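**Q** Can you look at this prediction? I've put the sequence above it.
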Amino acid sequence: MYALERASRIYVAGHTGLVGSAMLRKLSQAGFSRTLTAARSELDLTDRNSVKAWFAAHRPHVVVLCAARVGGILANASAPVEFLLDNLHIQNNVIHTAHETGVEQLVFLGSSCIYPREANQPIGEDSLLTAPLEPTNRPYAIAKIAGIELCWALNRQHQRRYFALMPTNLYGPEDNFDLFSSHVLPALIRKMHEARERADASVTLWGTGEPKREFLYSDDLADAALYLLERPAARLAHLFCEAHPPLLNVGTGQDIRIRELADKVARTVGFEGALQWDTGKPDGTARKLLDVSRMSALGWQAKTPLDQGIALAYEAFLAGRVRRL
């Protein structure tokens, strides 16, 4: 089994996005000197032949698959075909080509939306495929479930060490702050910042504000991925058995109502107007809190408190460290 070294060639797919950029920061801080990246103009991850040619030329030892088409409720509802097919193409091409070129270790990053809409809270990894999904992001979730299955199949059939990490709602530097396609926290940051700049008396937000969500700072997810890659194989042998997929939840273990989150963002941004709620818009799942006991048992915990993370994300937004769509 391949042992990670500081001179290992680690390919971070999707390095300009929220998670990929966090992974690059973490690897740099940890002293890894041979990180591999590729711009979209150089490598189209939806093109199988392009991916095969790139892997043949660069021969990474380890792959961290952060690349994906992502977005919030509105984006998922507007482009379900693209959310399904683009993610399937990216995952299949990268994961299968990694296997074909001898990559023994790979981290596949998914999403907590893989779990059933009505799953028991907090949601454990064993909840996968036990009940219907949330309809508003089902195409994306199905694609991510397929990625988990592919990692599991390669581990069983070819003795690979491919992890599937399912983070809760992520935020941080290089996030997507576009109001059409972003997730709730970056959308709140931008919306309230612009309202403050215009001196608006109020801001209207989607839904009732009652759903509860868990939020993880992106650098904490990168820290979790590297933590697992550096563990001895024997320490993680239980993850690669035939009985269950190599699936691990990554989160903080704490959630918050969207109303309370909006209040925190308003205070951070300095918006003093009223917050109004458009209850005609969808809320999505009522609650989504991950059971992170498996990661905790391995010795890892998130480090960034929510208030600190929101402040850091807002600093990044002001500095222009945003994802360019």
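**A** Received it, and whenever you're ready, just let me know what you need.

**Q** show me where the stretch 101-250 of the chain has strands.
**A** 105-109, 161-167, 169-171, 202-206, 212-213, 215-217, 247-250 (DSSP state E, counting those that start in this stretch).

**Q** Mean neighbour count, distance to Q91 and mean pLDDT added to those, as CSV?
**A** Every C-beta, even on glycine, is put in place using the N, C-alpha and C of the backbone. Listed next are the strands of the stretch 101-250 of the chain as CSV, based on neighbours: other CB atoms under 10 Å; distance: least, CB to CB, whole Å; pLDDT from 0 to 100:
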stretch, mean neighbour count, distance to Q91, mean pLDDT
strand 105-109, 25, 7, 97
strand 161-167, 25, 10, 96
strand 169-171, 23, 18, 94
strand 202-206, 17, 29, 95
strand 212-213, 19, 25, 94
strand 215-217, 24, 21, 98
strand 247-250, 24, 15, 97
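
**Q** can you put those strands in CSV and add distance to T268?
**A** Formatted as CSV, the strands of the stretch 101-250 of the chain follow (distance: least, CB to CB, whole Å):
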stretch, distance to T268
strand 105-109, 26
strand 161-167, 22
strand 169-171, 12
strand 202-206, 14
strand 212-213, 17
strand 215-217, 13
strand 247-250, 24
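
**Q** which residues of the protein fall in helices?
**A** 18-29, 48-58, 73-78, 80-100, 138-158, 184-198, 218-229, 258-269, 293-297, 306-318 (DSSP state H).

**Q** how about the CA coordinates for the worst-scoring helix or strand of the chain on mean pLDDT, as PDB?
**A** Least confident helix or strand, the chain: helix 73-78 with a mean of 79, by mean pLDDT, DSSP states H and E. Extracted C-alpha coordinates of helix 73-78, given in PDB (Å, rounded to 0.1, in the frame of the first residue of the first chain):
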ATOM      1  CA  ILE A  73     -31.800  24.900  -4.500                       C
ATOM      2  CA  LEU A  74     -32.400  27.300  -7.400                       C
ATOM      3  CA  ALA A  75     -29.400  26.100  -9.400                       C
ATOM      4  CA  ASN A  76     -30.300  22.500  -8.900                       C
ATOM      5  CA  ALA A  77     -33.900  23.100  -9.900                       C
ATOM      6  CA  SER A  78     -32.900  25.000 -13.000                       C
END
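
**Q** And the contacts of it?
**A** 83, 136-137, 139-140, 180-182, 206, 282, 284 (CB atoms under 8 Å, 6 or more residues apart in numbering).

**Q** again, 6 Å this time
**A** 83, 136-137, 140, 181, 284 (CB atoms under 6 Å, 6 or more residues apart in numbering).

**Q** can you check stretch 185-203 too?
**A** So stretch 185-203 is contacted by 171, 175, 177, 179, 262, 265-266, 269-271, 273-276, 314, 317 (CB under 6 Å, 6+ apart).

**Q** quick one: which of those is most hemmed in?
**A** Greatest neighbour count in the contacts of stretch 185-203, by other CB atoms under 10 Å, goes to D175: 27 neighbours.

**Q** who's in contact with that one?
**A** Contacts of D175 by CB under 6 Å, 6+ apart are 18, 186.

**Q** beta partners for it?
**A** V322 (DSSP bridges).

**Q** Quick check: it vs V269, distance?
**A** 15 Å (CB to CB, to the nearest Å).

**Q** picking up where we left off before, nearest to I10, out of the helices of the chain?
**A** helix 18-29 (6.2 Å; CB to CB).

**Q** Of the contacts of helix 73-78, which one scores lowest on pLDDT?
**A** Ranked by pLDDT, these bottom out at S181, which has 71.

**Q** That one is in contact with G71, isn't it?
**A** Yes: with contact defined as CB atoms under 6 Å, S181 reaches G71; the gap is 4.2 Å.
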